[in-house]
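[1] Below are the sequence and a predicted model; questions follow.
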Amino acid sequence: MNKKIAKLQNNIEYIYKKNEDTPRIALCLDFSINRPESKSGVYSLIARLLFQGTKKYNSEELANEFDKYAIAFSSEIFPNFLRLRFVCLNEDFSKALELLNDVVKNSTFVEFEKEKIKLAGEITSELDSPHALASDAYCRKIFENHYYGASLTKVLETLDSIEKNEVINSYNYILNNSKKSLAIVGDIDLDEILPQIEDTIGKLPISTDNNFHIDKPELNEIKKSEIIKSDLNQAHIIKGWLVPTYGQQEYPAVVLLNVILGASGMSSRLFSELRDKQGLAYVVRSSYETFRLAGNFMIYIATEPRNIETSLKGFDEQIEKIKSIPVSDKELNDAKSNIIGKYDLFAETNIQQACTYAKYGVLGLGFNYFEDIKEQIKAVTSEQILHCAQKCFDSDKYVISIVKP
């Protein structure tokens, strides 16, 4: 594997991976989020506004530049980092980097009011979904009074009060007070492009990792939310726990717990027991969401309203079973094959690989974490799954969110 890991002149760690015979090169640049946003929605507006015009190009001109060179640009916000990325033909890398540098250093945020209106409309539309409504209420409960709890409804509540200078100040803070991680994947001579990278990304504010100001979220009780929505014919139920996250010893076991319980479709326990055998569910699954400071393990079911209590009892039965009976070697090996296969599938393209490397780099886990975690998953034993389930699924600390007719 042809990889180089080094640092730019401003301490930004970067990885270059050469994938031969690929005509398009991918670049991903992540900036760590080190403090809570001043109001829910500020960070979302940053990501939406970055590609809406610079001092050199207005939004239409910038879009035309992207189209002219067939450059796929995007900006995304995650709770732990801001991401800028592009994919372009190898011969257009210099132009793409020039445009990225202009966006990072010279964005004007001129479409501020327009993007606020669009964001409000998109959130309102999304909350028409009962699943989204249940997820939103769940988020508010499990991350109550915490930055990670910036749910859709919370953003709607604060959106009107956000001013443009708040967004600009928050972006400048991120730019000047963040750990930065750069990943480039493709078939191009690194020595040829490195001088331009140093002259652009290498001249951003120094990368730093000693100013993190977000507290670890805690859940110390049972919390419940119930929302009545008159036009439904199903109940939507989420039950969840705060669990270990990436970089922690239990992370590989939690990943496998998720696959075994409900993330592997028809072969998962929840699907087999609650849908196939008991006929309770239209949809049933588990999911595992990871943040820098905590993981969030959820079970979701859509069922008839008369089955709410039966479904919750079914959740408890499956949780108790995995806490008390070791999984079989076959089930464990199948889960390992499932998740490693998904990892490989989600890292097929240059941009997928670049984003994966940059993510683990900005989180301080190292560019090799993606390969390392697969080896750690292969080594997990059934005893570790058992102990992890006993630690994660606390019977006195969880959240239940229900949306029903």
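    Structure's in. What do you need? All figures in this text were calculated on a predicted structure; none of them were measured in a lab. Residues are numbered from 1 along each chain as shown.

[2] Can you get me a residue count around the spatially closest residue to residue 275 that is not a sequence neighbour?
    Spatial nearest neighbour of residue 275, chain neighbours left out: residue 281 (4.3 Å); criterion: CB to CB, 6 or more residues apart in numbering. (Glycine included, C-beta is placed from N, CA and C.) The local packing of residue 281 (other CB atoms under 10 Å) involves 23 other residues.

[3] From what I see, residue 281 and residue 304 are in contact.
    No - with contact defined as CB atoms under 8 Å, residue 281 does not reach residue 304; the gap is 9.4 Å.

[4] rewinding a little: phi and psi next, for the residue nearest to residue 275.
    phi -120, psi 140 (degrees, to the nearest 10).

[5] distance of it from residue 315?
    11 Å (CB to CB, to the nearest Å).

[6] overlap in contacts of these two?
    residue 301 (CB atoms under 8 Å, 6 or more residues apart in numbering).

[7] OK, contacts around the closest residue to residue 80 other than its chain neighbours?
    In this structure, residue 80 finds its nearest non-sequential neighbour in residue 292, 4.5 Å apart by CB to CB, 6+ apart. The contact partners of residue 292, by CB under 8 Å, 6+ apart, come to 79, 80, 214, 245, 363.

[8] ok, of these, which one's closest to residue 222?
    The closest of these to residue 222 turns out to be residue 245 (CB to CB; 21.6 Å).

[9] Shouldn't that closest one be within a strand?
    No - assigned with DSSP: H, G, I helix; E, B strand; the rest coil, residue 245 falls outside any strand and is coil.

[10] My guess is it contacts residue 297. True?
    No - assessed by CB under 8 Å, residue 245 is found out of contact with residue 297, at 10.2 Å.

[11] does residue 76 sit in a helix or strand, and which one?
    strand 72-77 (DSSP states H and E).

[12] Direction included, what does that strand pair against?
    strand 81-89 (antiparallel) (DSSP bridges).

[13] So which residues of the stretch 301-405 of the chain form strands?
    Assignment of strands within the stretch 301-405 of the chain using DSSP state E, counting those that start in this stretch yields the ranges 399-404.

[14] Show the contacting residues for the residue lying closest to residue 305 once chain neighbours are set aside.
    Among residues not flanking residue 305 along the chain, residue 235 sits closest, at 4.6 Å (CB to CB, 6+ apart). Residue 235 sits next to 302, 303, 304, 305, 307, 308, 311, 402, 403, 404, 405 when contact means CB under 8 Å, 6+ apart.

[15] swap in residue 209?
    Residue 209 neighbours (CB under 8 Å, 6+ apart): 32, 179, 364.

[16] Please repeat the previous calculation with a cut-off of 6 Å.
    By CB atoms under 6 Å, 6 or more residues apart in numbering, the contact set of residue 209 is residue 179.
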